[in-house]
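Peer 1: Structure for the following, please:
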Amino acid sequence: MNFRGTILLLSISVTIIIGLVSTPGCANIIPPMGGIKDTLPPVLEKANPKDSALNFTGNKITFVFDEYVELQDIQRNLVITPIPQNNPTVEFKLSTVTVKLKDSLESNTTYFINFGNAIQDITEKNVLKDFSYLFSTGKALDSLEFSGKVILAEDGKIDTNMTVMLHKSGKDSAVVTEKPRYVTKVNRKGEFTFHNLPSATYYIYAIKSEGNSYRYFGKDLFAFADKPVTVQQKNEPVTLYAFTEKEEVKKKPATTTAPGRGRVGAAADKRLKYQTTLREGKQDLLSNFNFKFETPLKFFDSTKISISTDTTYDPITEPFRWKKDSTNTTVELITEWKENTSYNIIFETDFAEDTLGHRILKKDTLSFQTREKKSYAELKLTFLKLELDKNPVLQFIQNNAVVHSHTFTSNQFTSSLFNPGEYELRILFDENKNGVWDTGDFFGKRKQPELVKPIEIKITVKANWENEIKIIQ
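Peer 2: Below you'll find the predicted structure:
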């Protein structure tokens with residue numbers, strides 16, 4: 001009798017005994033309440049052929065478990081290496097799982113099958129994690145191993161959906177036209193290990209690909225090793241840095257109607273629409289004021305805009321400069337802001353027109369206030385182990401986006417005005433000294449991406465406070 005059966009019998013026996021003795025003069029038998037909840041995954045009772053079988057010649061493998069099982073997302077979970085030309089058929093019935101191989105097996109070859117998290121019991125959905133099976137068509141099992149880690153180059157984090165591939169060909173085109181020889185998946189730490197490999201030379205890649213296609217067409221998250229590895233008894237772990245080509249994500253902004261409260265209906269549809277970088281009616285002292293237009297502009301005339309800082313609306317002559325971007329969708333106002341000051345931007349009706357012929361309907365004003373200096377913080381960061389020879393750039397991160405960066409000339413960062421808040425920190429090793437992270441380029445160039453090292457601690461910057469922090473990393 002197995003463990004589950006023993007527990008259930010004990011539970012029934014104890015329940016009946018309690019029922020017999022708890023009420024004087026009357027033998028009330030209390031029915032069992034179901035016993036202890038099953039929290040254990042299925043257990044393999046038999047495999048045919050047995051695990052680690054040698055001289056394998058069949059095309060079917062049967063697994064019998066100690067309870068009824070089912071398969072979940074088998075196509076995504078199942079990995080068999082060396083990779084066959086055609087995926088095997090996997091079926092389940094009651095407590096049995098059957099694998100039917102569709103290809104002729106190679107001679108003197110060790111095969112490794114991993115079910116990932118596909119097998120689970122029917123009743124409680126307990127998953128049998130990483131259930132694997134091994135067999136050889138020769139007289140012995142290959143026993144070499146090779147391991148490493150995959151890290152995202154842009155932020156130093158981990159993507160647990162990465163698959164690592166070993167190719168026999170060193171041609172760039174192999175990752176497009178050929179299936180890899182061996183594949184394995186990373187764990188939650190981004191680590192991977194290939195088991196039961198023969199001694200050979202392999203080219204190493206990693207990819208995040210839907211549907212386990214294992215093919216790279218220049219769009220997926222991808223990584224490659226600079227040189228091939230010959231698998232032997234002892235191998236140094238390799239680290240792969242994954243990257244993807246940068247694609248500008250165009251998010252449609254919340255529609256903001258330009259100054260002027262014109263008529264609704266057809267007339268309203270002809271109004272120029274944009275959004276600004278103001279937050280709660282406040283202008284940041286550390287950044288420029290931006291218009292972001294919904295439709296590219298046909299023209300923009302800054303002479304039809306005046307600026308004042310008081311309620312009399314008399315234009316001021318302080319240095320203001322307007323700058324339009326290459327897409328004609330963003331116009332930036334560049335100036336040195338005064339703290340805690342009211343500003344008014346007055347628009348003439350013909351200050352701008354987009355490519356659809358939209359203008360504002362009447363002259364109007366946009367008013368806002370600049371922030372006070374006391375709403376900012378003083379910040380001083382000292383890095384005790386900074387590698388200045390690698391052109392480090394400090395990145396301040398909020399909501400997974402770089403909100404501020406600083407190119408180091410010493411091991412310190414100081415700012416008398418800094419936006420308060422909680423930040424993650426990263427160090428970009430800026431090879432080409434352009435101040436931003438640059439992705440890799442595989443085909444033809446085999447150029448690795450620039451690397452970013454995350455700082456493990458988060459910092460909290462308090463407003464109206466001298467924040468001084470030492471960082472050992």
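Peer 1: all strands for the stretch 101-250 of the chain, in order.
Peer 2: For the stretch 101-250 of the chain, applying DSSP state E, counting those that start in this stretch gives strands covering 110-114, 119-121, 132-136, 144-152, 163-167, 182-185, 191-197, 201-208, 221-224, 229-230, 238-242.
Peer 1: Could you list the low-confidence segments of the stretch 151-300 of the chain?
Peer 2: 211, 247-269 (pLDDT under 70).
Peer 1: number of nearby residues for the nearest residue in space to Asn161 that is not next to it in sequence?
Peer 2: Nearest residue to Asn161, sequence neighbours excluded (Cβ to Cβ, 6 or more residues apart in numbering): Lys208, at 5.1 Å. Every C-beta, even on glycine, is put in place using the N, C-alpha and C of the backbone. Neighbours of Lys208 under the rule other Cβ atoms under 10 Å: 18.
Peer 1: now swap in Val127 and tell me
Peer 2: Val127: 17 surrounding residues under other Cβ under 10 Å.
Peer 1: That one: what's it in contact with?
Peer 2: Val127 makes contacts with Pro41, Asn117, Ile119, Gln120, as judged by Cβ atoms under 8 Å, 6 or more residues apart in numbering.
Peer 1: in the stretch 1-150 of the chain, which spans are helices?
Peer 2: 3-21, 74-77 (DSSP state H, counting those that start in this stretch).
Peer 1: whoops, the stretch 301-450 of the chain was the one
Peer 2: Using DSSP H, counting those that start in this stretch, helices in the stretch 301-450 of the chain do not occur.
Peer 1: That one: strands as residue ranges?
Peer 2: According to DSSP E, counting those that start in this stretch, the strands that the stretch 301-450 of the chain contains are 305-308, 321-324, 330-334, 342-347, 352-354, 364-370, 377-383, 392-398, 401-407, 412-418, 421-429.
Peer 1: Turn those strands into a markdown table, including mean pLDDT.
Peer 2: Converted to a markdown table, those look like this (pLDDT from 0 to 100):
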| stretch | mean pLDDT |
| --- | --- |
| strand 305-308 | 90 |
| strand 321-324 | 92 |
| strand 330-334 | 94 |
| strand 342-347 | 91 |
| strand 352-354 | 94 |
| strand 364-370 | 91 |
| strand 377-383 | 97 |
| strand 392-398 | 97 |
| strand 401-407 | 95 |
| strand 412-418 | 96 |
| strand 421-429 | 97 |
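Peer 1: of all those, which lies closest to Asp441?
Peer 2: When these are compared by Cβ to Cβ, strand 421-429 sits nearest Asp441, at 17.1 Å.
Peer 1: re the thing from before, type out the ChimeraX command that picks the buried ones from the contacts of Val127.
Peer 2: In ChimeraX, a selection of the buried entries from the contacts of Val127 looks like this (16 or more other Cβ atoms under 10 Å):
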select :41,119,120
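Peer 1: what's the most distant pair in the contacts of Val127?
Peer 2: Longest span within the contacts of Val127, Cβ to Cβ: Pro41 and Asn117, 10.0 Å.
Peer 1: Mind listing the shared neighbours of the two?
Peer 2: Counting by Cβ under 8 Å, 6+ apart, the residues touching both Pro41 and Asn117 are Val127, Leu128, Lys129.
Peer 1: Now do the contacts for the last one.
Peer 2: The contact partners of Lys129, taken as Cβ under 8 Å, 6+ apart, are Pro41, Gly116, Asn117.
Peer 1: quick one: it from Pro41, how far?
Peer 2: 7 Å (Cβ to Cβ, to the nearest Å).
Peer 1: And for Asn419?
Peer 2: Distance of Asn419 to Pro41, computed by Cβ to Cβ: 49 Å.
Peer 1: now do Asn87
Peer 2: Distance, Asn87 to Pro41, using Cβ to Cβ: 24 Å.
Peer 1: Please apply the same query to Gln395.
Peer 2: Remark: distance between Gln395 and Pro41 (Cβ to Cβ) = 43 Å.
Peer 1: In terms of mean pLDDT, which of the helices of the stretch 1-150 of the chain ranks lowest?
Peer 2: Lowest mean pLDDT of the helices of the stretch 1-150 of the chain: helix 3-21, a mean of 37.
Peer 1: Just tell me which of the strands of the stretch 101-250 of the chain ends up closest to Ile83.
Peer 2: That would be strand 182-185 among the strands of the stretch 101-250 of the chain, by Cβ to Cβ, at 6.4 Å.
Peer 1: ok now do the spatially most central residue of the chain, which residues does it touch?
Peer 2: Centroid-nearest residue in the chain: Asp159, 5.5 Å away (criterion: Cα atoms, centre = their mean). By Cβ under 8 Å, 6+ apart, Asp159 lies in contact with Val150, Leu152, Val186, Gly190, Lys208, Leu221, Ala242.
Peer 1: Including distance to Leu286, could those residues go into CSV?
Peer 2: Formatted as CSV, the contacts of Asp159 follow (distance: Cβ to Cβ, whole Å):
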residue, distance to Leu286
Val150, 37
Leu152, 29
Val186, 40
Gly190, 36
Lys208, 36
Leu221, 33
Ala242, 33
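Peer 1: so, if you compare the residues you listed, which one comes nearest to Trp437?
Peer 2: Trp437 lies nearest to Leu152 out of these, by Cβ to Cβ, at 10.9 Å.
Peer 1: Once you drop chain neighbours, what's closest to that closest one?
Peer 2: Nearest one to Leu152, counting by Cβ to Cβ, 6+ apart, is Ala242 at 5.3 Å.
Peer 1: before we move on, what about Asp38?
Peer 2: Nearest to Asp38 is Glu124, by Cβ to Cβ, 6+ apart, at 5.0 Å.
Peer 1: Touching, the one you found and Thr39? I think so.
Peer 2: Yes: using Cβ atoms under 8 Å, Glu124 is in contact with Thr39, at 7.0 Å.
Peer 1: okay, these two: which has more neighbours?
Peer 2: Legend: neighbour count by other Cβ under 10 Å for Glu124 and Thr39, higher for Glu124 (13 against 7).
Peer 1: Relative to Gln412, how far out is the residue nearest to Asp38?
Peer 2: Where Gln412 is concerned, Glu124 sits at a distance of 57 Å (Cβ to Cβ).
Peer 1: how far away is Val436 from Val393?
Peer 2: Taken as Cβ to Cβ, the span from Val436 to Val393 is 8 Å.
Peer 1: Need the overlap of contacts for the two.
Peer 2: Common neighbours of Val436 and Val393, counting by Cβ under 8 Å, 6+ apart, are Ser405, Leu428, Asp430.
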